[in-house]
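Visitor: One predicted model, sequence on top.
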Amino acid sequence: MYFLLPHQFRWIWLLGASVYFYSYFIPYYLFILILAIVIDYGAGILIENSNNKKHKKYYLIASILSTILLLFIFKYYNFAVANINHLTGYVQNGWKIDLLALALPVGLSFHTFQSLSYVIEVYRGKQKAERHFGIYSLYVMFYPQLVAGPIERPQNMLHQFYEKHNFDPKQFTMGLRLIVWGLFKKVVIADNINVITNSIFDNYGQLNSLYLYFGALLFSIQIYCDFSGYSDMALGSAKCMGFKLMENFNLPYISQSIKEFWSRWHISLSTWFKDYVYLPLGGNRDGKKKMVLNQVYVFLISGIWHGANWTFLIWGALHALYNTVGNLLPKRILNFEFIKNDFLRKKLNQFIVFNLVLFAWIFFRAATVTGAFDYISNMFVRYNFVIDPSDSGIRKISFYALIGLAIFFLMFDRNVHQFIRKENNLFQLKSVALFSVLVALVITIGFWGKVQFIYFQF
Amino acid sequence: MLKNISLYIFIQIVVIILLVVALSSIKLKGVRLWSYFNENVISEGGQAKLMFNDLKNFVPDNNSIFVIGSSHAYRGYDPRVFDKAGMKLFNMGTSGQNMKDSYTLLETNADKIENLIVDVYPGVLQEVTEESTLMLIQNSDKNNTAFAILKNNVTINSINNVAARLCDLYPKALAYSEKYIANGYVQKDNILISDSSAVYDAFKPGQNFQYLDSVLAFSLKNKINVCVASHPLKWNTAYKQYYNTTYLPVLRTILDKYPTISFFDHTFLHSNSDSLFSDANHLNQSGVNLYNDHLIENIKSKN
């Protein structure tokens, strides 16, 4: 349909599709999104039109504050109030502030950050203010990446809405392949694993070390497949229409350091924090101590960005700790330079980084901080390494199968990831064989129930 | 390009068929490999399988009564009790049967049915779940019934279950461990031990509710003598209030459309007698005997 429309009307079609897509979740939250769009659209024009530097700054601050206020009301207000009530409860019994009965709009943190990057770039003079309200709305609402990213920059996206995209069978097929690969990761791996991780995280009190370790291992794979699966589908559906979105993941679990992990995981968010928080704080310009401190701030903000819960803050703090240790330890110790075999050294680094990340995911997945600590303590105290024989045959075999699939995925993800993105192999036998098997697996063993994307809640 | 796409589609279809046949026919401990990898592909067997086997051989007469509903139905209406009263009963209840599936069962067996009891309770009128649909697809006696159920519920899970049914080269039903009695009934003898009560989420009339309407309308249109019945449940005071003030008024909005259809509400018939229940939702055999006698009297006095 998109390609059948004359070029000048395509943005209307895309905007209509995006509005429909967003309204599908909670329709009236569309007004919140429109409010954010209006504020930042206006701020962008005011900043560009103003000749006074001070005024430009005021408009920028007003725009940032109003966006943060929206985020605060819907995402952090109840968290803050619950903590204040909890603290004051000890001081003055009976006094408390009421919570707001508000559900978090889907993907609020994503589109507000995308909107913020526009205003900041206009302020910095790196992006011209967008005068076409429809196109600007589309920049914030473009449905493939509206609710879970990638968080795009105006320099990459806005001009694409003006360009005429002709139907290109090669691009279209490439897009479909990315969609299939993303769908495979989501419904075959992540959603099937979800059944097991839910059961393990809900019953951690009765399970032994082996189960609990596998629970965390499976969750590590689940969250990667869930989120990167969504990103692949977003990239794929945009590509089908001729749009190019930024890559959000680049094989994070092969990282050999935490710093490398963050250059491969949720790239659009990591670079957002780097450009708009870390560098403005001073980056590495004022010595190592200040650099480490700036990175700690970024990790803590990143933690709370994910969700209004202490578990996310601790998850961010853990990554800050890993990163700080990585920065402070001498390179020869950190990189195991005493091991002469390169392959062994690389694998050891990957194993350690993966397990550090896995450990932090326990806080990300747990419902409460106490739950996370209990899970971890059970993991180390109940050192019984036997799969429970009382489990039913189906459950036991599914469990083994999923662990096998997770390990297989960890080992071969790199090859598939690169193969899928190659442009010259569309109808090669290897390609046809891989995709026909992937499609068949998606249809037959995909979990076709109601499992929302994990990152939709952010 | 077109040639390549056609070739790809052909290969894709072949791969899917081969995978489906392998997943359906290879079995571990009698369970299809498919069920190990996909919990939404249901195994063949259980009460539904035995019920459909009996249904195939059931010869109805003018006085035969059919029952549709969930486990409340197949554990709550005993053909032996009705037999003593000179009534031939067939229980078409299956686990978690929603009204949408009840409607399909009614539609596909309409030629046999002269008299019908529709068993209702708050849970069955809430959301349509897939559990019952997938189980009926796997166990129905005829492929036609499976296709009719699929037609009303086109989802990937129901398509997969039809495929598993059709592509199983060595079909064999799993054994059933409960006490199955001929014509669809399952007997429970234990007595409720814990002090529990039936619990349901807040009532939200959904798709199921509209299908109750369709079941009643279809029955009248096809000249089937139909009545609606609620069998006894173990309630606490809070749920008694919920039932009377929230659920019943909504149920009445449909029942009032059909003044000729009787509603036999036995929900609170023996809600204080733990000894008549096997659990909070189901009667044991003593409870079923008492309830069925009561219902038979109601039906007779109505006629």
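Guide: Nice, thanks for sending it over. Numbers count the residues shown, from 1 in each chain, chains lettered A, B, ... in the order given.

Visitor: in what helix or strand does the residue lying closest to residue A:423 once chain neighbours are set aside lie?
Guide: Distances taken as C-beta to C-beta, 6 or more residues apart in numbering or on different chains put residue A:174 closest to residue A:423, at 6.4 Å, once the chain neighbours are dropped. Where C-beta positions appear, they are placed from N, C-alpha and C, glycine not excepted. Applying DSSP states H and E as the criterion places residue A:174 in helix A:169-183.

Visitor: ok, residue B:230 - contacts?
Guide: Counting by C-beta atoms under 8 Å, 6 or more residues apart in numbering or on different chains, residue B:230 touches B:119, B:120, B:121, B:263, B:264, B:265, B:266, B:267.

Visitor: Closest residue of the stretch 51-200 of chain A to chain B?
Guide: The stretch 51-200 of chain A approaches chain B most closely through residue A:169 (6.2 Å), counting by C-beta to the nearest C-beta.

Visitor: give me the low-pLDDT residue ranges for the stretch 101-250 of chain B?
Guide: Applying pLDDT under 70 to the stretch 101-250 of chain B picks out residues B:194-205.

Visitor: Spell out which residues of it are next to chain A.
Guide: B:155, B:156, B:157, B:160 (C-beta under 8 Å from any C-beta of the partner chain).

Visitor: what do you get if the cut-off is 6 Å, keeping everything else the same?
Guide: B:156, B:157 (C-beta under 6 Å from any C-beta of the partner chain).

Visitor: and residue 257, how many residues sit next to it?
Guide: No chain was given, so I picked chain A. 19 (other C-beta atoms under 10 Å in any protein chain shown).

Visitor: Sorry, I should have been clearer: chain B.
Guide: 11.

Visitor: what's the answer for residue B:265, then?
Guide: So residue B:265, with other C-beta under 10 Å, has 18 neighbours.

Visitor: and if you look at residue B:86?
Guide: Neighbours of residue B:86 (other C-beta under 10 Å): 9.

Visitor: Report pLDDT for it.
Guide: pLDDT recorded at residue B:86 is 89.

Visitor: Tell me which helix or strand the residue lying closest to it once chain neighbours are set aside sits in.
Guide: Computed as C-beta to C-beta, 6+ apart, the closest residue to residue B:86 that is not its neighbour in sequence is residue B:63, at 7.5 Å. Assigned by DSSP H and E, residue B:63 falls within no helix or strand.

Visitor: helix, strand or coil for residue A:99?
Guide: Counting by DSSP: H, G, I helix; E, B strand; the rest coil, the backbone at residue A:99 sits in coil.

Visitor: okay, the spatially closest residue to it that is not a sequence neighbour: pLDDT?
Guide: Leaving aside its chain neighbours, residue A:99 sits nearest to residue A:78 (4.8 Å; criterion: C-beta to C-beta, 6+ apart). For residue A:78, the pLDDT comes out at 84.

Visitor: Please apply the same query to residue A:385.
Guide: 56.

Visitor: distance of the residue nearest to residue A:179 when sequence neighbours are not counted from residue A:336?
Guide: Excluding its sequence neighbours, the residue lying closest to residue A:179 (C-beta to C-beta, 6+ apart) is residue A:236, at 3.7 Å. Computed as C-beta to C-beta, to the nearest Å, the residue A:236 to residue A:336 distance reads 39 Å.

Visitor: Let's test this: name the helix or strand in chain A with the lowest mean pLDDT.
Guide: Each helix and strand of chain A was given a mean pLDDT (mean pLDDT, DSSP states H and E); the minimum falls on helix A:393-421 at a mean of 69.

Visitor: Following the chain past that one, name the next helix or strand.
Guide: Downstream of helix A:393-421, the first helix or strand assigned by DSSP H and E is helix A:429-445.

Visitor: which other helices and strands contact that following helix?
Guide: If contacts are counted by 3 or more C-beta pairs under 6 Å, 6 or more residues apart in numbering or on different chains; DSSP states H and E, helix A:429-445 sits against helix A:169-183, helix B:2-25.

Visitor: returning to that earlier point: is it true that the residue nearest to residue A:179 touches residue A:178?
Guide: Yes. Using C-beta atoms under 6 Å, residue A:236 is in contact with residue A:178, at 3.0 Å.

Visitor: Please enumerate the helices of the stretch 1-150 of chain B.
Guide: Using DSSP state H, counting those that start in this stretch, the helices found in the stretch 1-150 of chain B span residues B:2-25, B:33-37, B:47-57, B:71-74, B:79-84, B:99-108, B:130-139, B:143-152.

Visitor: Nearest to residue A:121, out of those helices?
Guide: helix B:2-25 (41.6 Å; C-beta to C-beta).

Visitor: Flag every buried residue along that closest one.
Guide: B:8, B:11, B:12, B:15, B:16, B:19, B:20, B:21, B:23, B:24, B:25 (16 or more other C-beta atoms under 10 Å in any protein chain shown).

Visitor: Can you show me the CA trace of stretch B:84-94 as CSV?
Guide: Once non-C-alpha atoms are left out, stretch B:84-94 reads as follows in CSV (Å, rounded to 0.1, in the frame of the first residue of the first chain):
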residue,chain,number,x,y,z
LYS,B,84,-32.9,-44.5,36.6
ALA,B,85,-35.4,-41.8,36.0
GLY,B,86,-36.0,-43.1,32.5
MET,B,87,-34.0,-40.4,30.7
LYS,B,88,-31.1,-41.1,28.4
LEU,B,89,-28.3,-38.6,29.0
PHE,B,90,-25.1,-37.8,27.1
ASN,B,91,-22.6,-35.5,28.7
MET,B,92,-20.6,-33.4,26.1
GLY,B,93,-18.8,-31.4,28.8
THR,B,94,-15.0,-31.1,28.4
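
Visitor: can you list the residues that contact that stretch?
Guide: B:48, B:58, B:63-69, B:73-74, B:77, B:79, B:82, B:105, B:183-185, B:296 (C-beta atoms under 6 Å, 6 or more residues apart in numbering or on different chains).

Visitor: buried subset of those residues?
Guide: For these, buried by 16+ other C-beta under 10 Å: B:48, B:58, B:64-69, B:73-74, B:77, B:79, B:82, B:105, B:183-185, B:296.

Visitor: Span of stretch B:167-174 from start to end?
Guide: 17 Å (C-alpha to C-alpha, to the nearest Å).

Visitor: Next: stretch B:105-124.
Guide: 16 Å.

Visitor: Please spell out which residues along it are buried.
Guide: For stretch B:105-124, burial by neighbour count (16+ other C-beta under 10 Å) applies to B:105-109, B:113, B:115-124.

Visitor: starting at the chain centroid, how far to the top helix by length along chain A?
Guide: Using DSSP state H, we find that the single longest helix of chain A is helix A:209-240. Relative to the chain's own centre, helix A:209-240 is displaced by 10 Å; criterion: C-alpha atoms, centre = their mean, to the nearest Å.
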